[in-house]
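sequence first, then the predicted structure:
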Amino acid sequence: MTGSCVRPIIPIMGMVLALSSTVVGAAEMDDPATAKPSVWASKDGRSAPSRKGTPPQKKPLGHQDAKADKETRDGKGGGDDGKSQDVDTEHLFGFTEGSDAGEKGEQEVVVDTISRLGKRLSGPGGGHYRVLDTKLGYQFDPIDRLSIEFGAFGTFRQVRNIVDLDDKSYGTFDGVSVEVKYQFLKGDKDQPLGLALELRPRFARVLPIEGNGADIFDMETVLQLDLQLVPNKLWYGSNISFEPAAGRQRGPDAPGYRSSTFLWSNALVARVGETTYLGPEIRYLRGYNGTFLNDLESEALFVGPALHHRFTEKIWLTVAYAGQVWGRDADPSLAGRALGLNQFERHTVRVKFGMEF
C-alpha cells in the first residue's frame, strides 16, 4: 500500500482506538486501580491527555515555560545569573558612596581608613605630611531603606617642614559621629536609578589640616545617586556634598574655627570577576574659609581607580586611590603654584573593610 493511501487511514484508526479507550475507561471507573493509560499518540507526537488514575505526562517546553526560563536567566526568577539585584552599591565606588541602605534587621561593622599624603614644603631639605584617619563604625537598619551608623574616630599624623604647619607626630582619639541615611529610590533591573540622602553630624577633637586640638562640630549632607548602566555589568555613582564646620581651638585666647567644603564626585565601575568590581573615579573639591562657602581657599581635582571585592556574601573590601591632577590656592602669595595644597593633599588612599550580619 502506498504512502498516499496510508495517511488518511491513520487518523481513522486513532479515532477508533480513542473511542475504545473511552468505553473501557467507563467500564473501569468503579475500580480506578485497574485503569490503564492509553498508549496511542497523535500524529504530531504529543501524548494524549491522561485519564483519571494516570500519571501526568511531561510536556515539552512550551511558550509559557520558555518565558519563565528566560525570566530566570534574566534574574527575575532568582537564577544563578540573576545577580543584578543582589549587588549592594553602598560601598561599590571607592570614595563615592552608593545609594543602597539595606533592609530591616541588617547590621554591619566597618573599619574605614583614609590616608592623606603630601603637601607643599616650606623650605629646602626633606619633609613629609602623613595623616591617617580611621573610623570604626556600627550600622543597623531599623526599617527598610533607612540605615543608622555610629562611628568612633582615631587619627595619626606625622608632619615635618610643611608650609604654615607646625611639626607634629602623634596619634589620638578624634571624636564620634552619627550617620543617618534614607534611600528614596531603590535601583534594580527594571528601574536602574538609586537615590538617597545622608546626614553625618560629627564632633571632632582635632583640626583636619593643622592637627591642633579643638572642639569642632560639622554636619555633612550628601546626596547619593547611582545608576545601573548595563544590568549586572556596569554601574555609575555620583555624590554631591556640603560640609560646614564650626568650633574653637583649645587653649587660652584660642581663635575660633569656621570652614566649609563642597564636593562633587563621580565613579564608574564594571564587574571584572565573579565578585570583583573595578573602575575610575573623579572628584572635585572646593575648600572655604567660613561656614557657608564664604571665601574660597583651595580647589582641587582628583582622579584614580576604585576596587571593590566580596570575599563572601557578608565580607567585603573596598580600596581606592585618588591623586590631585589639577588645583589652585586662592592665597595671592601662592599664585602660580601648582595644585591646591592649602586645603587638600597630593594623594589620598581609602581602605574600607566591612562585615555584615
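Sure, I can see it. Quick caveat, the model's predicted, so the values are computed rather than measured.

which residue is nearest the centroid of the chain?
Here the mean C-alpha position of the chain is nearest to the C-alpha of Thr89 (Cα atoms, centre = their mean), at a distance of 1.2 Å.

touching, that residue and Gly194? I think so.
Yes - in this structure, Thr89 is within contact of Gly194 by Cβ atoms under 8 Å, at 6.2 Å. The way it works is simple: take the backbone N, C-alpha and C, and place the C-beta from them, glycine included.

any idea which element the closest residue to Val349 other than its chain neighbours lies in?
Leaving aside its sequence neighbours, Val349 sits nearest to Ser115 (Cβ to Cβ, 6 or more residues apart in numbering; 4.4 Å). In this assignment (DSSP states H and E), Ser115 forms part of strand 107-117.

tell me the buried residues in that strand?
Buried residues in strand 107-117, counted by 16 or more other Cβ atoms under 10 Å: Glu108, Val110, Asp112, Thr113, Ile114, Ser115, Arg116.

CA atoms of that strand as CSV?
Extracted C-alpha coordinates of strand 107-117, given in CSV (Å, rounded to 0.1, in the frame of the first residue of the first chain):
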residue,chain,number,x,y,z
GLN,A,107,23.7,45.0,60.6
GLU,A,108,27.3,45.9,59.6
VAL,A,109,30.7,46.6,61.1
VAL,A,110,33.0,48.8,59.1
VAL,A,111,36.7,49.8,59.5
ASP,A,112,37.3,52.8,57.2
THR,A,113,40.8,54.4,56.9
ILE,A,114,41.6,57.4,54.7
SER,A,115,45.3,58.4,54.3
ARG,A,116,46.1,61.9,53.2
LEU,A,117,49.6,62.3,52.0
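
can you list the strands that it pairs with?
According to DSSP bridges, strand 107-117 forms sheet pairs with strand 128-143 (antiparallel), strand 347-356 (antiparallel).

give me the next element, helix or strand, following the first one.
I take that to be strand 128-143. Toward the C-terminal end, the helix or strand that comes next after strand 128-143 (DSSP H and E) is strand 146-160.

that next one pairs with which strands?
When pairing is defined by DSSP bridges, strand 146-160 lines up against strand 128-143 (antiparallel), strand 168-185 (antiparallel).
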